[in-house]
Every structure is written in C-alpha cells, then in structure tokens.
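**Student:** Sharing a model that was predicted from the sequence below.
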Amino acid sequence: MLSKKVIFIAGACGRIGTALCEKLLLECNASLILADIDEAKLSKLEQNLAKNPALKAKILSTKLDITSKQSLDEGITKANKHFGKIDGFVNTSYPMGKDWGKTPYYELEYEQLCESLNLHLGGFMLAAQEFVKFFKEQGWGNIINLSSIMGVYAPKFENYKNTNMQSSLEYSVIKAGINHLGVWLAKELFNTNIRVNTLSSGGILDHQPESFLNAYRNCCASKGMLEAKDISGTIAFLLSDESKFITGANLIVADGWGL
C-alpha cells in the first residue's frame, strides 16, 4: 500500500506512534522517519524495528521538538536529504507541561493553562506550518494530525465516577483546536496537491481502572477502549493513494462512543 512512500512520524515513541511505525514499516512497506523528543526511546524503537537487516535502510531517526521551529526545520532537512522526499507527515505527539492532568480546571492558574495550550496546540500548529512550507516547495504532501473524540463530543463525566481520573477542559479545547486546524489548512491548500486530514481517536488502553473501563465499554458498540494498533490501519489508508480525494476530513475511530 505504501511501498514507495516516505512517511515522517512525530511522536514515534508514544503508544500510537510505535504501533503506527510497526504497521507502516512491517505491513505497508513504507520508509519511515522516526521523530521524537526522547532520544533514548527513539534509539530503542529503531533497534526494535530494524531487527531485520533488510529494513534498516528504510528507517531514519531524528530527535524532534515540535515546539521548536529550528528542530522541525532540521528534522525536515535531514529526512529530505536522506530519502530525497517526504510524502506524508503524521503528528502523533503528546506534549505535556509539568502540571498536565494534575490540577482540576477550576484551580488552574493562567500560566498552567497557557503552558498546556502553547505546548500541545501551539506545537501542532507550528509543526503543520513548517511541513506545509516544505510540501509547497516540494509540490505535494499529506498531513495527518492525531486528535481525540474529546475534541468532538462533550465528555461522559459519569464514566469517571469513583476514579481519580478526570476529563480536562484544556485537553478538549486543544483537541478541538487541532480538528479545526485540519479543516482550515485543507481549505487554504486547495489546488496545491497537499492534503490535510485529522483522525479523532477513542480512548486508548493504558492501565485505566476497571470501573472506568466497564463504564466506557457500555458506551461503545463492540470493544470499548481501543488498543493503539486499532487506529493504525485508518492512518495508513489516509496516507495511501486510495484516499487521494479525501481532504479536510475528521475521521472518528471510537467504536461508536459518540452515538
């Protein structure tokens, strides 16, 4: 499906990023740029993916901070020099401030709100900006931003009852912003041969309390919380030529959670 494609994955060492790398490399035969801010995890991921020597030539890793224009430009230049092109950019990054998820909304200070918005939403906007400039010069490109159902629907607060978990307002606002970033860019980039789409994922399993998992499952059609690999196929489709007439879309992969 992607045998001639070169895909740049930001946040490659996260749960979704790692599953996506495995899908694109091992099943879709794409060439990959693994990009992440954590160099130790990046090295480990590259080693795991390149256990087959034949795959080593299809992988390039680079440290990346999506909140730094210099880091983004260096990563793009390195990838383009190595492979001669970049066909697609997938942003699965999850930037977090030091207080992320620790303080209830009504107790947040202005500086805490700004840190979350700047790192996460600001980082996605900056990354898209730099890749659009590169893709315009190249003559084609494909951007996919990872978002969440929390940016589409209101939370089901009852699912969090009797847990220490919360559905934070700043997270929902950030993800809603990423959703609109996609449609804004897609429209602005008409007739440039550059597509922009968004994938809004349902919740991903990560050792959540059983009570939450059961409540969440009752809102879904078949599985409930997803595994990271469950959304990788949809991203692969959006990166492929099979979806070449899809742009400005927000595909929701959430097992019916929003119904």
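**Tutor:** Nice, I can see it.

**Student:** Helices along the protein, start to end?
**Tutor:** Using DSSP state H, the helices of the chain run over residues 15-22, 39-49, 69-83, 110-116, 122-138, 169-188, 210-217, 232-239.

**Student:** Quick one: closest of these to S147.
**Tutor:** Set against S147 and scored by C-beta to C-beta, the helices of the chain come closest in helix 169-188, at 4.5 Å. The C-beta positions use only the backbone N, C-alpha and C, and glycine is treated the same way.

**Student:** Out of the helices of the chain, flag the one nearest M96.
**Tutor:** Closest approach to M96 among the helices of the chain (C-beta to C-beta): helix 110-116, 7.8 Å.

**Student:** Who are the packing partners of that closest one?
**Tutor:** Counting contacts by 3 or more C-beta pairs under 8 Å, 6 or more residues apart in numbering; DSSP states H and E, helix 110-116 packs against helix 169-188.

**Student:** average pLDDT for the helix it packs on?
**Tutor:** What helix 169-188 shows for mean pLDDT is 97.

**Student:** That one to helix 122-138, inter-axis angle?
**Tutor:** Calculated by axes from the mean of the first three to the mean of the last three C-alpha atoms, to 10 degrees, helix 169-188 forms an angle of 20 degrees with helix 122-138.

**Student:** what's next to helix 169-188, contact-wise?
**Tutor:** The contact list for helix 169-188, computed with C-beta atoms under 8 Å, 6 or more residues apart in numbering, reads 105, 108, 113, 116-117, 120-121, 124-125, 128, 132, 143, 145-148, 150-152, 155, 195-198, 200, 247-250.

**Student:** Could you tell me which of these count as buried?
**Tutor:** 108, 113, 116-117, 120-121, 124-125, 128, 132, 143, 145-148, 150-152, 195-198, 200, 247-250 (16 or more other C-beta atoms under 10 Å).

**Student:** In strands, which of those residues appear?
**Tutor:** Using DSSP state E, the subset of those located in strands is 143, 145-148, 195-198, 200, 250.

**Student:** now for those residues, which pair is the farthest apart?
**Tutor:** For those, the farthest-apart pair by C-beta to C-beta is S148 and R195; their separation is 20.8 Å.

**Student:** Contacts only, for the residue lying farthest from the centre of the chain.
**Tutor:** Centroid-distance maximum for the chain: N162 at 29.9 Å, with C-alpha atoms, centre = their mean. Going by C-beta under 8 Å, 6+ apart, N162 touches S211.

**Student:** gap between it and N214?
**Tutor:** Per C-beta to C-beta, to the nearest Å, N162 is found 11 Å from N214.
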